[in-house]
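My questions concern the predicted model and sequence given below.
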Amino acid sequence: MAAPRPRRSVSIRDPSEGCERLDGAGCWDALEWTKIEPVTRSVSHVNLEFLLEAERVVEEGHGVVLVNTDEAGTLFVTNFRLLFLSEGTRNIVPLGTIPLATIEKFNKMVVKIQSVPRQTDKSSSRRLLQIIGKDMRIIVFGFRPRTKQRRVIFDALSSCTKLARIWDLYAFTCGQSKFSNPNPKVRLLNEYFRLLGKGFHRASMSMIEDESFTLSNDLWRISDTNSNYTMCQSYPFALIVPKDISDEEVIQASTFRARCRIPVVSWCHPGTGAVLARSSQPLVGLMMNMRSNADEKLVTALCTQLVGGSRRKLYIADARPRKNALANGAMGGGSESSSNYLQSEIVFFGIDNIHAMRESFARLRDCLDTHGAASSDGMSSFLRHGGWTWGGGNLSSMSASVSTLGDSGWLIHVQSVLAGSAWIAARVALESASVLVHCSDGWDRTSQLVSLANLMLDPYYRTFTGFQALVEKDWLAFGHPFSDRVGMPSISGTSFELTRQSSTGSFSSSPMRQSSGSFTPQASNSSHAQNNYSPIFLQWVDCVSQLLRMYPFAFEFSSTFLVDFLDCVLSCRFGNFLCNSEKERQQCGVYEACGCLWAYLADLRSLEESSHAHYNLFYDPLKHNGPLLPPAAALAPILWPQFHLRWACPSESEAGELEAECRNMAIKFSELQKAKEVAEMKAKEYSVAMETLNAELRNEKQVSSSALNLAKRASKESAATKRAIQSMGWRVNFTKGGDCTVDVESNPTESPPKFMHSPHRRESDGMVARNDKSDLSVSITVVSDDVVSSSPLGRVCETLCPLRTRDGGCHWPDAVCAQRGSQFVGLKANFDAFDQLSIYDGYFQSE
């Protein structure tokens with residue numbers, strides 16, 4: 001008899017406390033106790049429309065369960081990411097999908113579960129794969145028993161994440177696609193031109209090739225001393241230095257700074273001339289007695305004279321704790337002495353190093369995973385120890401979760417960076433003082449402080465274009481080692497060694513996570529603390545989000561933009577943040593071979609324009625058009641919900657109903673605005689049409705008025721013609737049909753003969769047949785003045801009168817033509833018909 005199935009447990013750790021078993025593909029028990037055939041390693045290529053360009057599937061596993069959400073699906077390993085598709089919907093599950101470059105480490109786990117009574121096996125085990133990401137997520141996948149799927153996925157991850165060369169990254173495989181990457185050197189020079197007040201100049205590659213970019217103003221100049229990276233390999237090809245310092249002195253001063261990172265200008269105030277400079281630590285030695293005249297002259301030149309003639313104050317901000325600075329003296333480093341630099345003051349900020357930041361980030365990630373709503377061990381924080389209360393079953397566990405968050409120290413570190421940056425910005429803005437910032441190497445804490453102070457001082461850096469210029473200048477150009485800090489291969493072929501553990505073990509991060517089914521590690525082949533990986537750039541973006549929260553009207557971009565931007569950086573999908581310096585990126589050909597992150601984000605925004613989620617709905621450039629100087633009391637940071645809580649607490653990580661509603665209202669307002677513009681255009685078209693119709697109506701009125709005047713004039717001419725005809729003894733009658741009846745009164749006692757004339761009847765020769773009853777055809781002709789001769793009688797005879805004989809005589813010599821105004825009216829008749837009339841020569845009396 002088959003053994004009965006155990007009831008489904010609430011957690012994969014504690015099967016004794018459970019609820020009713022859930023049937024379906026997503027049920028862990030159904031997968032655990034159903035006998036299946038081993039899955040072959042052939043990769044299916046159907047329904048892979050979700051793959052990106054040049055992305056290919058390496059391995060896949062079926063019937064895999066995402067323990068965090070207890071969801072079954074298919075797990076793919078591609079050359080770019082680990083991709084999880086839901087079994088039911090075949091949609092991508094965001095929590096289970098992570099780029100390979102974002103994976104910090106992954107481990108094989110085995111959890112042993114006590115069997116229920118009367119079951120044949122004493123215990124059973126479940127094979128798990130734990131993925132720890134650099135983006136705050138910890139996910140666990142469960143695989144079917146008696147298959148080799150976990151080994152296949154693990155081996156595929158090992159081969160795809162441990163790359164021997166940087167050119168094996170997906171960014172090089174994909175290429176530029178439509179997101180071409182223009183050379184950032186041109187953009188760096190344009191930013192330098194803007195800082196020097198030479199914004200009307202535009203940089204170009206030809207300008208870089210012939211080294212004609214060395215512009216200057218009254219105080220500062222662009223130097224090409226490092227154009228071939230011979231002076232400093234981690235600095236950009238162009239540097240802003242004091243105008244009074246020669247290139248020889250610059251090269252000489254570089255020998256006194258760690259890694260030859262000399263003091264150079266990062267930002268200068270356009271009105272006061274105060275500057276924000278950066279460098280690495282001076283090489284003063286253990287006794288702190290080493291000096292350099294060239295370095296002291298260069299630093300002193302940063303303090304130009306004020307308007308009143310007094311010398312400007314110089315602050316040297318050392319980002320390290322004082323004890324760390326002194327300890328560096330044993331290795332040749334150290335800090336400056338205020339007695340060696342004129343009008344200077346040394347300040348220590350006490351910000352910890354990259355190793356402390358890495359451990360703090362790991363503790364924060366474990367804390368959120370432990371107390372989140374979707375923990376990697378399959379339990380919600382509401383169900384720990386069976387108690388339906390927040391954080392656990394009692395008040396002490398609730399307090400423990402709060403103390404765990406505080407013990408991580410992450411928010412304290414964020415506050416230290418914020419406070420130091422605000423202090424620097426206040427010195428430059430309020431005192432018009434110059435500030436030189438450095439740490440040990442000048443590329444971690446220095447980049448954080450300088451770029452954040454720039455963001456506070458210059459409103460331009462709070463726009464999309466300015467933010468890009470800021471990141472490319474103070475992080476990329478000045479050599480923040482992204483390959484080392486993010487954990488990617490560098491040009492030398494070395495890479496961050498992912499910690500891979502093979503274990504049958506437990507999560508030991510918190511006592512609350514211990515249960516009967518525990519994970520116990522078997523072995524570890526490397527230590528996470530022995531590498532240079534550290535979330536320095538992530539911490540800086542977190543600080544930017546804190547400023548965005550404090551000043552929601554001052555930034556053009558939103559928190560969603562920062563999350564997407566950070567995801568792109570961690571994924572290494574694009575080439576902008578590969579390698580450790582500008583020189584290495586140039587040697588690798590990153591600009592020509594890889595796509596551009598900035599072009600990708602700009603393309604996303606162009607699809608929806610201002611209604612896109614990357615735009616800040618509340619941005620008002622006029623409200624904060626000056627520096628942002630937050631007081632110390634306002635610098636208390638909080639967790640960044642959109643980033644820190646999006647995996648552990650997805651419901652609480654949203655921007656909130658208010659912001660979502662505001663965005664919907666903004667979209668509706670935009671739609672109404674577009675509808676208004678369309679209506680206004682139609683109204684304008686209607687107005688133009690009305691004006692056209694009015695103009696046509698006026699023209700019609702003018703034509704009608706002209707026609708009326710012509711009609712009146714014709715009426716007058718008709719009356720004159722009638723009088724002229726009546727003066728010849730004729731009577732003319734007009735009928736409705738258009739026919740004209742002419743009665744010629746030759747003898748008053750006799751009834752006058754009637755002659756009919758119809759305008760529809762035309763004779764070819766103008767003559768009628770001659771008989772006793774023939775009609776007398778009469779027509780009236782109107783002739784203008786310009787065709788009539790000077791003599792009235794001659795004009796009639798020459799042009800109109802048909803009574804003229806062939807020899808030029810006239811049948812009616814005494815006839816007089818009627819004249820009316822400028823018109824002459826004559827008579828044209830049938831000669832034979834007139835010959836039959838008894839008309840005496842004196843019938844028409846002369847005037």
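Received, thanks.

Could you use CA atoms for every contact and neighbour count after this?
Will do.

Take the helix or strand residue 469 falls within, keep the C-alpha atoms, and write them as PDB.
Assigned by DSSP states H and E, residue 469 falls within helix 464-471. These are the backbone C-alpha positions of helix 464-471, laid out as PDB (Å, rounded to 0.1, in the frame of the first residue of the first chain):
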ATOM      1  CA  PHE A 464      18.400  64.300 -17.000                       C
ATOM      2  CA  THR A 465      21.200  65.800 -19.100                       C
ATOM      3  CA  GLY A 466      23.100  67.200 -16.100                       C
ATOM      4  CA  PHE A 467      22.800  64.000 -14.100                       C
ATOM      5  CA  GLN A 468      24.400  62.100 -17.000                       C
ATOM      6  CA  ALA A 469      27.200  64.700 -17.200                       C
ATOM      7  CA  LEU A 470      27.800  64.500 -13.400                       C
ATOM      8  CA  VAL A 471      28.100  60.700 -13.400                       C
END
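
Run through who's touching the following helix or strand past it.
Sequence order places helix 482-486 as the next helix or strand after helix 464-471, per DSSP H and E. By CA atoms under 8 Å, 6 or more residues apart in numbering, the surrounding residues in contact with helix 482-486 are 488-490, 495-496, 532-536, 570, 577-580.

Just the buried positions in the helix holding residue 469, please.
Burial within helix 464-471, assessed by neighbour count using 16 or more other CA atoms under 10 Å, is assigned to 464, 466-467, 469-470.

Just the contacts of helix 482-486: which are in helices?
Mapping the contacts of helix 482-486 onto helices (DSSP state H) picks out 536, 570.

Tell me which of the contacts of helix 482-486 has the lowest pLDDT.
Scanning these for pLDDT, the low point is residue 496. It has 37.

one step back: output the buried residues of helix 464-471 in CSV, with distance to residue 324 appended to each entry.
As requested, the buried residues of helix 464-471 are arranged in CSV below (distance: CA to CA, whole Å):
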residue, distance to residue 324
464, 37
466, 34
467, 32
469, 32
470, 29
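
just curious, which of the residues you listed is nearest to residue 87?
Of all these, residue 464 has the smallest distance to residue 87: 39.4 Å, by CA to CA.

how close does that closest one sit to residue 707?
Residue 464 is 69 Å from residue 707, where distance means CA to CA, to the nearest Å.

C-alpha coordinates for the helix or strand where residue 454 lies, CSV please?
Under the criterion of DSSP H and E, residue 454 resides in helix 445-457. Coordinates of each C-alpha in helix 445-457 appear next as CSV, following Å, rounded to 0.1, in the frame of the first residue of the first chain:
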residue,chain,number,x,y,z
ARG,A,445,34.4,58.2,-0.8
THR,A,446,35.8,61.2,-2.7
SER,A,447,33.5,60.5,-5.7
GLN,A,448,30.5,60.1,-3.4
LEU,A,449,31.2,63.4,-1.6
VAL,A,450,32.2,65.5,-4.6
SER,A,451,29.4,64.4,-6.9
LEU,A,452,26.7,64.8,-4.2
ALA,A,453,28.0,68.2,-3.3
ASN,A,454,27.9,69.1,-7.0
LEU,A,455,24.3,67.9,-7.1
MET,A,456,23.4,70.2,-4.2
LEU,A,457,25.2,73.2,-5.6
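
what's in contact with that helix?
266-267, 276-279, 319, 351, 353, 417-418, 420-422, 424-425, 429, 437-439, 461-462, 470-471, 474-475, 480, 536-537, 540, 543-544, 626-629.

Cross those residues against helices and list the overlap.
Per DSSP H, the contacts of helix 445-457 map to helices at 417-418, 420-422, 424-425, 429, 470-471, 536-537, 540, 543-544.

Quick check: of those, which has the highest neighbour count?
In terms of neighbour count, residue 425 stands highest of these at 30 neighbours, by other CA atoms under 10 Å.

pLDDT value on the closest residue to it other than its chain neighbours, please?
Spatially, and ignoring its direct neighbours in sequence, residue 425 is nearest to residue 453 (5.2 Å; CA to CA, 6 or more residues apart in numbering). Note for residue 453: predicted pLDDT of 98.

Check the one 4 residues further on too.
In the predicted model, residue 457 carries a pLDDT score of 97.

and if you look at the one 10 residues further on?
As predicted, residue 467 sits at a pLDDT of 98.

Tell me which residues touch the closest residue to it other than its chain neighbours, please.
Spatial nearest neighbour of residue 467, chain neighbours left out: residue 461 (4.7 Å); criterion: CA to CA, 6+ apart. Shown in contact with residue 461 (CA under 8 Å, 6+ apart): 454-455, 467-470.

Just give me the residue closest to the centre of this structure.
Nearest residue to the geometric centre of the chain (CA atoms, centre = their mean): residue 605, 2.8 Å.

how about it, secondary structure?
helix (DSSP: H, G, I helix; E, B strand; the rest coil).

Would you mind measuring from it to residue 613?
8 Å.

cool, and residue 59?
Relative to residue 613, and taking CA to CA, residue 59 is found at 35 Å.

Between those two, which is the more surrounded one?
Between residue 59 and residue 613, residue 59 has the larger neighbour count (other CA under 10 Å), namely 22 against 18.

re the thing from before, what angle separates the helix holding residue 454 from helix 464-471?
150 degrees (axes from the mean of the first three to the mean of the last three CA atoms, to 10 degrees).

got any ranges where the stretch 451-600 of the chain has weak pLDDT?
Along the stretch 451-600 of the chain, segments meeting pLDDT under 70 span 492-530.

do that again at 50, thanks
Low-confidence segments of the stretch 451-600 of the chain (pLDDT under 50): 493-530.

sorry, back to before: any idea how far the residue nearest to residue 467 lies from residue 168?
To residue 168, residue 461 is 34 Å away according to CA to CA.

Same check on residue 181?
19 Å.

Residue 99 too?
15 Å.

which one of these two has more residues nearby?
Taking other CA under 10 Å, residue 99 and residue 168 do not tie; residue 99 has more neighbours (21 against 15).

avg pLDDT for whichever helix or strand residue 110 is part of?
Per DSSP H and E, residue 110 falls inside strand 103-114. The average pLDDT for strand 103-114 rounds to 83.
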